[in-house]
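1. Any chance you could fold what I've pasted below:
(one chain, ligands or ions: 2)
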Amino acid sequence: MKFGVIGAGQMGGGIAQVAAQSGFDVVVHDQQQAFLDRGRGVIEKSLGKLHEKGRLADAPETVLGRIRFTTDLQDFADCDLVVEAIVENQGVKNDLFRQLGQIVKPEGILASNTSSIPITALATASGRPERFIGMHFMNPVPLMQLVEVIRGYQTSDETARVVTETAEKMGKTPLSCNDFPGFVSNRILMPMLNEAIQCVMEGVAEPEAIDGIMKLGMNHPMGPLTLADFIGLDTCLAIMEVLHQGLGDDKYRPSPLLRKMVQAGLLGRKSGQGFYKY
Ligand SMILES: CC(=O)CC(=O)SCCNC(=O)CCNC(=O)[C@H](O)C(C)(C)COP(=O)(O)OP(=O)(O)OC[C@H]1O[C@@H](n2cnc3c(N)ncnc32)[C@H](O)[C@@H]1OP(=O)(O)O
Ligand SMILES: NC(=O)C1=CN([C@@H]2O[C@H](COP(=O)(O)OP(=O)(O)OC[C@H]3O[C@@H](n4cnc5c(N)ncnc54)[C@H](OP(=O)(O)O)[C@@H]3O)[C@@H](O)[C@H]2O)C=CC1
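-> Numbering: from 1, shown residues only. Ligands and ions are numbered 1, 2, ... in the order given. Model prediction:
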C-alpha cells in the first residue's frame, strides 16, 4: 500500500512514522521544506528511542528510508490511502480535500485525522464521499493504541473495512463510531480539559495542584492542563468551538481563559509556553 500523510506536525509526523514502521511506503507533505525538516527530526528522535528499547522490528534508517518528504501535492496521485493531519480548521481542510479529490487516483481513499470536524462535510468537499472516512489517531501516535474510525454519512463498507484493516496492520486497535461533533474521544475528553482551565481561571487551585489531583486521585497518566499543553491549546479551543456550535449547548462553551491564552500565542508545548514553560 502507498500511504500518504498531509501535514508534518506532531500528528502527521507520528502517523507517517508508524505507517513506515509497519512496512508501508509513505509520502509526507507540508507547505515548506523547513516544516518537513522539523518533522523528519522528530521522527528520527522517536525511532531512536524505540530502537534503544528494542521496540522496532527494523533499523531506524530502514524505517526512515520508507518515508519520502515533499512540498508537492501532485506526489499523492498514486496513493491508496491519504490521511490528512493539518490545522483543525474546517475551511482549510475543505480547501485541501477539494484539491486532493482532483489529484489522488479515483480508487484512493481519503481520510481525516480531525479531532472534531464533521467527517460528512469534509467528505462532500472531497467529491468522493464513499471513499472518505475519519481515521483519528491519538497523541503521541507511536505510543497510543487507539484509532477512532468515524464513518461519514456516505462512507462505504469497503472503505471502512480497508481503513480498519490498515489500522490493525499499524499495530493499533480501531474502534468505530458515528459522525457527531467531537466523535466519542473529544466529546468526553475535551470538556474535562476545558473545566480544568476554568478551575484555573476561577482560582480553584494552582495548575500543579489541579494536575496532581487528577493524576494521583484518578490515576490519569497526565494531568488535564499538562495534557492540554501537550495537545496544543489552539487545537483544544478549535475542538471546543466545534462542540459548542455543533451540539448547541452552552455546557461546551470554551473557557474564556483558553481563548485568551490562544490569542496571546500561548499554545502549550509547541509554542514553548502554556500552563507550563517548556
Ligand atoms: C486531541 C485529540 O484529538 C485526541 C488525542 O490524542 S487526546 C490525547 C491522548 N493522549 C493522552 O491522553 C496521553 C496521556 N499520556 C500518556 O498516556 C503517557 O503520559 C504517555 C504514553 C504519553 C507517556 O508515557 P509515560 O508512561 O507517562 O511515561 P514517560 O516516561 O513520559 O514516557 C515513556 C517513554 O516514552 C517516550 N516517548 C514519549 N513520546 C514518544 C514518542 N513519540 N516516540 C517514542 N518514544 C516516546 C518517553 O521519552 C519515555 O522514554 P524514557 O522512558 O526513555 O524516558
Ligand atoms: N494534537 C493532538 O493531540 C491531536 C491532534 N489531532 C488533529 O490532528 C490535526 C493536526 O494537529 P497537530 O499535528 O497537533 O497540529 P500541529 O500544529 O502540530 O501541525 C499542524 C500541521 O498543519 C499544517 N498547517 C497549518 N496551517 C495550514 C494551512 N493553512 N494549510 C495547510 N497546512 C497547514 C502545519 O504546517 P505549518 O508548520 O506549515 O504551519 C502542520 O504541518 C488537527 O486536525 C488536530 O485536531 C488529532 C489527534 C490528536
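
2. now stretch 250-268, how far from the centre of its chain.
-> Chain-centre distance of stretch 250-268: 19 Å, with Cα atoms, centre = their mean, to the nearest Å.

3. again with stretch 107-120
-> 11 Å.

4. go on, stretch 14-25?
-> Remark: stretch 14-25 is offset 15 Å from the chain centroid, using Cα atoms, centre = their mean.

5. same thing with stretch 78-97?
-> Chain-centre distance of stretch 78-97: 11 Å, with Cα atoms, centre = their mean.

6. gap between the two ends of that stretch?
-> Taking Cα to Cα, to the nearest Å as the measure, stretch 78-97 stretches 16 Å from start to finish.

7. check whether it contacts ligand 2.
-> Yes: with Cβ under 6 Å from any ligand atom as the criterion, ligand 2 is reached by stretch 78-97 at 85-88, 92. C-beta: built from backbone N, CA, C; applies to glycine.

8. which of those residues count as buried?
-> 85-86, 88 (16 or more other Cβ atoms under 10 Å).

9. out of the residues you listed, which one sits closest to I15?
-> Set against I15, the nearest of those by Cβ to Cβ is A85 (6.0 Å).

10. Give me the phi and psi for the closest one.
-> Main-chain torsions, A85, degrees, to the nearest 10: phi -140, psi 60.

11. which residues in the stretch 101-250 of the chain form strands?
-> Using DSSP state E, counting those that start in this stretch, the strands found in the stretch 101-250 of the chain span residues 109-112, 132-137, 146-151, 173-178.

12. Each with direction, which strands does the third one pair with?
-> It refers to strand 146-151. If you go by DSSP bridges, strand 146-151 pairs up with strand 132-137 (antiparallel), strand 173-178 (parallel).

13. Ranking those strands by mean neighbour count, which comes first?
-> Most buried of these, by mean neighbour count (mean count of other Cβ atoms under 10 Å): strand 132-137, with a mean of 27.

14. Off-centre distance for it?
-> Using Cα atoms, centre = their mean, the offset of strand 132-137 from its chain centre is 9 Å.

15. pLDDT (mean, whole number) over it?
-> In this model, strand 132-137 has a mean pLDDT of 98.

16. Use 408 as the first number for this chain going forward.
-> Let's use 408 as the start, then, which means that last one is strand 539-544.

17. Render the CA-only coordinates of that strand in CSV, please.
-> C-alpha atoms of strand 539-544 as CSV (Å, rounded to 0.1, in the frame of the first residue of the first chain):
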residue,chain,number,x,y,z
PHE,A,539,-13.8,9.2,2.7
ILE,A,540,-13.6,8.4,6.4
GLY,A,541,-12.3,9.7,9.8
MET,A,542,-9.1,8.0,10.9
HIS,A,543,-8.4,9.6,14.3
PHE,A,544,-5.0,8.7,15.8
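
18. Could you list the residues in contact with it?
-> Outside of strand 539-544, the residues within contact range by Cβ atoms under 8 Å, 6 or more residues apart in numbering are 418, 421-422, 425, 490, 492, 504, 516-522, 526, 529-530, 533, 551, 553-559, 561-562, 566-567, 570, 574, 579, 586, 590, 592.

19. Which of the residues you listed are buried, as a PyMOL select command?
-> Entered in PyMOL, the line below selects the buried ones among the contacts of strand 539-544, by 16+ other Cβ under 10 Å:
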select buried, resi 418+421+422+425+490+492+504+516+517+518+519+520+521+522+526+529+530+533+554+555+556+557+558+559+562+566+567+570+574+579+586+590+592
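
20. And the contacts of stretch 567-587?
-> By Cβ under 8 Å, 6+ apart, the residues outside stretch 567-587 that reach it are 408, 410, 425-426, 428-429, 488, 516, 518, 525-527, 540-542, 544, 552-560, 590-591, 594, 653-654.
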